[in-house]
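J.: need coordinates for the following:
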Amino acid sequence: MSGNQNQMLSIKETAELLGMGESTLSKKLHLFSVNGIVKENKRVWISLSSLPELKNALNYNEEFDKGTFYSTAEVTQKFNEKGLKVKRNDVSNWIQKGKVKTIQHMGYRYIHENDLDHFIENTINERAIPKGFCTLEEAGNILERHPQTIRQWAMEGEIEYKHIIVDNYWRTIVNKDSLQNVKMKKRINMLKNFAHVDIEAISEKVEIKKNNKRNKQGDIASLPLGQSLEAKDAAKLLGIKNNSLYAFLKKGKFPSAFKIKNKWYIPEGDITSYKNRRDSSGSDSSLDGYLTIPEITKRSNLSKSWITIQINKGIFPNAKKINGKWFIPEEDFLHYTEVKQKKKELQEKKKNEHMNKILLKKNEKEIQKKELPPLSYKGTTIARSYIDIKSSENPKIKPI
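T.: Alright, predicted model coming up:
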């Protein structure tokens with residue numbers, strides 16, 4: 001190989017010339033045969049004259065040497081650097097659809113750097129919300145409808161829509177101009193089912209509603225908001241729960257209360273009058289000698305919930321409920337404590353008796369152990385003498 005060695009290249013040198021990996025080239029050489037490839041001492045040498053034939057076998061594209069090209073993996077990396085969430089499969093699908101110009105080089109697709117920059121700009125413009133369009137949430141706020149309803153109208157073809165990527169997620173956007181028209185159309189279609197409805201008068205009614213809204217805004221300005229409290233603040237001031245206050249509002253206990261934008265407001269005059277009525281009913285002279293549940297909890301170790309359960313069971317038969325509060329006679333409470341104390345004493349007495357019986361049994365067993373002398377296993381003289389003595393006392397015991 002001394003004469004031809006200057007014209008021969010190793011696999012590493014050939015791979016550098018072709019712009020591919022050494023291992024990839026060695027694998028490719030096993031798939032086809034090319035003239036000018038020599039194997040010597042377990043090494044492969046490729047002649048310079050066989051490079052054109054090798055390029056044809058590898059589907060080598062000569063344009064690949066004329067500029068900078070990027071593979072699909074490098075393209076996805078470029079997109080992610082620009083802040084666009086793109087996968088390698090997305091790039092492959094775009095190439096198949098012909099959205100970007102590519103060349104085929106050794107079985108793979110590559111994109112030129114100029115085409116890639118232009119393609120990235122187009123993708124950014126496509127993903128931006130175009131003028132005259134809005135998201136489903138914005139359309140729902142405009143029409144006062146749920147976004148899912150807007151989506152349904154769009155799928156039915158009532159509204160112009162598009163699918164774009166916004167904030168790295170696929171979103172549906174709709175045309176703003178067609179929103180009001182479709183709302184009116186849906187309403188007219190609904191009202192056609194009723195014979196007594198004059199469809200021509202709908203537009204007039206819409207104008208009347210707008211005027212009423214303006215009048216309501218003027219009425220709100222005349223309400224005493226400065227001298228009123230919100231329902232939550234009023235509940236804290238009165239020391240009651242929010243649900244209880246809303247129940248009182250439904251019953252009409254605060255006649256001057258008013259509602260603005262789903263919020264209740266109660267004038268301070270109604271709150272003070274309700275407070276006075278509640279305090280006067282609570283300080284009734286007929287309730288002398290009665291205890292409230294908090295007072296009983298202070299005098300005993302009983303919880304509030306347990307006391308209410310006992311009241312419902314009828315343990316305090318003379319208890320009264322006034323304005324949502326329980327009042328228990330002191331005599332009933334004292335009687336209950338006496339009965340409870342007697343039960344405790346009986347339980348302790350039974351416990352002591354039981355313990356005394358156990359102690360007596362233990363003492364008897366210890367006395368019996370002391371009376372019986374220990375037997376000697378080495379000799380039987382002590383045992384015989386003891387049994388002889390006992391047999392003389394008791395005829396049932398037989399002597400040995």
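J.: and the helix or strand encompassing residue 148, what does it pack against?
T.: Assigned by DSSP states H and E, residue 148 belongs to helix 147-155. For helix 147-155, the packing partners by 3 or more CB pairs under 8 Å, 6 or more residues apart in numbering; DSSP states H and E come out as helix 136-143, strand 169-175. For every residue, glycine as well, the C-beta is placed using N, CA and C.
J.: beyond the host helix or strand of residue 13, next helix or strand please.
T.: In the assignment (DSSP H and E), residue 13 maps to helix 11-18. On the C-terminal side of helix 11-18, the closest following helix or strand by DSSP H and E is helix 22-29.
J.: what does that next one rub up against?
T.: 11, 12, 14, 15, 18, 37, 44, 57, 58 (CB atoms under 8 Å, 6 or more residues apart in numbering).
J.: who's in contact with the closest residue to residue 307 other than its chain neighbours?
T.: Closest residue in space to residue 307, ignoring its immediate chain neighbours: residue 293 at 5.2 Å, by CB to CB, 6 or more residues apart in numbering. Counting by CB under 8 Å, 6+ apart, residue 293 touches 304, 307, 308, 325, 326, 328.
J.: what would these look like in CSV with secondary structure, neighbour count and pLDDT?
T.: As requested, the contacts of residue 293 are exported to CSV (DSSP: H, G, I helix; E, B strand; the rest coil; neighbours: other CB atoms under 10 Å; pLDDT from 0 to 100):
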residue, secondary structure, neighbour count, pLDDT
304, helix, 13, 85
307, helix, 22, 87
308, helix, 13, 87
325, strand, 14, 81
326, strand, 18, 86
328, strand, 22, 87
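J.: ranges for the strands of the stretch 301-400 of the chain?
T.: In the stretch 301-400 of the chain, the strands defined using DSSP state E, counting those that start in this stretch lie at 320-322, 325-329.
J.: any idea of the mean pLDDT for the helix or strand harbouring residue 124?
T.: Element membership for residue 124 (DSSP H and E) is helix 113-127. Taken as a whole, helix 113-127 has an average pLDDT of 78.
J.: any chance you could list what contacts it?
T.: Contacts of helix 113-127 (CB under 8 Å, 6+ apart): 67-70, 75, 78-79, 82, 84, 94, 99-102, 111, 164-166.
J.: try 10 Å this time
T.: 67-70, 74-75, 78-79, 81-86, 90-91, 94, 99-103, 110-112, 162, 164-168, 171 (CB atoms under 10 Å, 6 or more residues apart in numbering).
J.: can you check stretch 239-253 too?
T.: Contacts for stretch 239-253 (CB under 10 Å, 6+ apart): 231-232, 234-236, 238, 254-255, 257, 259, 264, 266, 270, 273-275, 277-278, 324.
J.: just checking, which of those residues belong to helices?
T.: 231, 232, 234, 235, 236, 238, 270, 273, 274, 275, 277, 278 (DSSP state H).
J.: can you tell me the SS state at the closest residue to the fourth one other than its chain neighbours?
T.: Which is residue 235. Leaving aside its sequence neighbours, residue 235 sits nearest to residue 245 (CB to CB, 6+ apart; 4.4 Å). Each residue gets one of three states, and residue 245 gets helix by DSSP: H, G, I helix; E, B strand; the rest coil.
J.: next, the contact list for the spatially closest residue to residue 86 that is not a sequence neighbour, please.
T.: Among residues not flanking residue 86 along the chain, residue 79 sits closest, at 3.9 Å (CB to CB, 6+ apart). Taking CB under 10 Å, 6+ apart, we find residue 79 in contact with 85, 86, 87, 90, 91, 116, 119, 120, 123, 124.
J.: who touches the residue nearest to the third one when sequence neighbours are not counted in this structure?
T.: The reference is to residue 87. Leaving aside its sequence neighbours, residue 87 sits nearest to residue 76 (CB to CB, 6+ apart; 6.6 Å). Residues in contact with residue 76 (CB under 10 Å, 6+ apart) are 70, 84, 86, 87, 88, 89, 90, 91, 92.
J.: which single one of the residues you listed is nearest to residue 178?
T.: Distance ranking of the contacts of residue 76 against residue 178, using CB to CB, places residue 84 first at 29.5 Å.
J.: tell me the SS of the closest one?
T.: With three-state DSSP as the basis, residue 84 sits in coil.
J.: can you list the weak-confidence ranges in the stretch 151-300 of the chain?
T.: 166-169, 186-223, 280-286 (pLDDT under 70).
J.: which residues in it form strands?
T.: Secondary structure of the stretch 151-300 of the chain (DSSP E, counting those that start in this stretch): strands located at 161-166, 169-175, 228-230, 258-260, 263-267, 290-292.
J.: which helix in the chain has the most residues?
T.: helix 330-371.
J.: show me what that one is packed against.
T.: strand 290-292, helix 293-299, helix 304-313 (3 or more CB pairs under 10 Å, 6 or more residues apart in numbering; DSSP states H and E).
J.: mind doing that once more with 7 Å?
T.: strand 290-292 (3 or more CB pairs under 7 Å, 6 or more residues apart in numbering; DSSP states H and E).
J.: and the strand it packs on, which strands flank it?
T.: According to DSSP bridges, strand 290-292 forms sheet pairs with strand 325-329 (antiparallel).
J.: helix or strand for the residue nearest to residue 87, which one?
T.: Applying DSSP H and E, one finds residue 76 within helix 72-81.
J.: following the chain past that helix, name the next helix or strand.
T.: helix 88-97.
J.: buried stuff in that next one?
T.: Across helix 88-97, burial judged by 16 or more other CB atoms under 10 Å covers 90, 91, 94, 95.
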